[in-house]
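> got a sequence here, can you model it:
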Amino acid sequence: MNDFTGQTIIVTGAGSGIGRATALQLAERGAHVIVADISETAHGVVEEITGAGGQATAAVGDISEQGVVDKLVDAAVATGHRLGLVNNAGIMDKFDGAAETEDAVWERCLRINLTAPFLLTRAVLPHMRAAGGGAIVNTGSAASLRGAAAGAAYTASKHGLAGLTRNTAYTYGRENIRCNLIAPGGVETNIMTTSAAVNEGEIDPSHGLAAITPIHQGAIRNARPEELAATIVFLLSDAASNVNGAILPVDAGWSAG
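Numbers count the residues shown, from 1 in each chain. Reported below is the predicted structural model:
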């Protein structure tokens with residue numbers, strides 16, 4: 001039930017972290033993976049996959065732009081396979097409240113974390129409907145569930161992604177299209193060092209989600225990207241055929257506290 005042969009699955013933010021781990025696991029299970037990332041690291045992941053005998057295509061560009069989304073989906077459709085989608089790409093904000101949040105940070109955070117998944121979801125849905133079904137998994141956050149995991153912009157974007165997930169699941173579930181969201185807690189990824197606010201020296205990478213989770217009290221560890229990827233792969237698979245509209249914490253129990 002975890003065989004993805006005959007499927008092409010788009011994975012965004014697949015140049016590193018959770019996205020890379022997801023792309024590798026899907027390719028191992030027979031999927032043709034569209035490795036989408038704003039960074040040229042996408043090509044390195046494709047080389048990893050093809051070097052191991054898998055199938056993958058790199059798609060480099062800003063997925064918050066409609067033209068980039070159109071080309072990416074066209075490349076996936078051209079494989080002739082049934083489509084799947086993992087909306088994984090995301091950026092952090094500066095961990096500011098609303099009073100301190102600048103327009104540029106707000107707009108960019110929502111553009112990447114919410115508008116881009118919307119654009120991709122809208123683009124793949126006609127093809128999934130024509131094929132008789134499909135699966136979408138969105139990478140949310142503990143900030144999809146609570147208000148203390150990040151700043152106003154990031155939290156709003158991840159709450160919005162949860163809403164998009166539920167609406168998509170409800171609206172298209174009757175057509176065998178499933179949409180679910182994982183809500184990670186602390187994860188060993190480079191999101192803190194690749195987000196624009198960090199690169200500009202405006203926030204300390206040790207601040208934020210990692211600094212406020214119970215891991216600093218020795219109670220809960222950070223997840224490895226491979227663990228999140230395994231959950232995503234499950235939700236894409238036929239083993240999760242009756243799971244639709246789920247907002248699934250994958251946080252070692254942090255949200256249970």
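> how about the strands of this protein, start to end?
Ranges of strands in the chain, per DSSP state E, are 7-12, 32-37, 55-60, 82-87, 134-139, 177-184, 247-250.
> out of these, which is closest to Ile18?
With CB to CB as the measure, strand 134-139 is the member of the strands of the chain nearest Ile18 (6.2 Å). Where you see a C-beta, it was placed from the backbone N, CA and C, and this is true even at glycine.
> ok, that closest one: who's next to it in the sheet?
strand 82-87 (parallel), strand 177-184 (parallel) (DSSP bridges).
> would CSV of these with mean neighbour count, distance to His32 and mean pLDDT be doable?
Output for these, formatted as CSV (neighbours: other CB atoms under 10 Å; distance: least, CB to CB, whole Å; pLDDT from 0 to 100):
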stretch, mean neighbour count, distance to His32, mean pLDDT
strand 82-87, 27, 10, 98
strand 177-184, 26, 20, 97
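> now render the ones you listed as TSV, adding distance to Gly53.
Formatted as TSV, those follow (distance: least, CB to CB, whole Å):
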stretch	distance to Gly53
strand 82-87	20
strand 177-184	28
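> out of those strands, nearest to Ala246?
Nearest of the strands paired with strand 134-139 to Ala246, taken as CB to CB: strand 177-184 at 4.6 Å.
> got any ranges where this structure has weak pLDDT?
Scanning the chain for pLDDT under 70 picks out 1, 189-220.
> show me the helices in it, by range?
For the chain, helices defined by DSSP state H occupy the ranges 17-28, 41-51, 66-77, 103-110, 116-131, 152-172, 191-194, 196-199, 209-212, 225-236.
> just checking, what packs against the third one?
When contacts are defined as 3 or more CB pairs under 8 Å, 6 or more residues apart in numbering; DSSP states H and E, helix 66-77 sits against strand 7-12, strand 32-37, strand 55-60, helix 116-131.
> how far does that helix sit from the chain's center?
Its chain's C-alpha centre and that of helix 66-77 lie 17 Å apart, by CA atoms, centre = their mean, to the nearest Å.
> ok so, going back, can you tell me which of the helices of the chain is most buried?
helix 17-28 (a mean of 26; mean count of other CB atoms under 10 Å).
> surely Glu226 is in contact with Ala21?
Yes. Counting by CB atoms under 8 Å, Glu226 touches Ala21, with 4.8 Å between them.
> so who does Arg29 touch?
Counting by CB atoms under 8 Å, 6 or more residues apart in numbering, Arg29 touches 2-5, 233.
> and if we set it to 6 Å?
By CB atoms under 6 Å, 6 or more residues apart in numbering, the residues touching Arg29 are 2, 4.
> ok so, going back, now render the strands of the chain as CSV, adding distance to Asn167.
What follows is the strands of the chain, written out as CSV (distance: least, CB to CB, whole Å):
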stretch, distance to Asn167
strand 7-12, 19
strand 32-37, 23
strand 55-60, 26
strand 82-87, 14
strand 134-139, 12
strand 177-184, 9
strand 247-250, 12
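> among those strands, which is nearest Lys71?
Checked against CB to CB, the stretch from the strands of the chain lying closest is strand 55-60, at 7.3 Å.
> the closest one pairs with which strands?
strand 32-37 (parallel).
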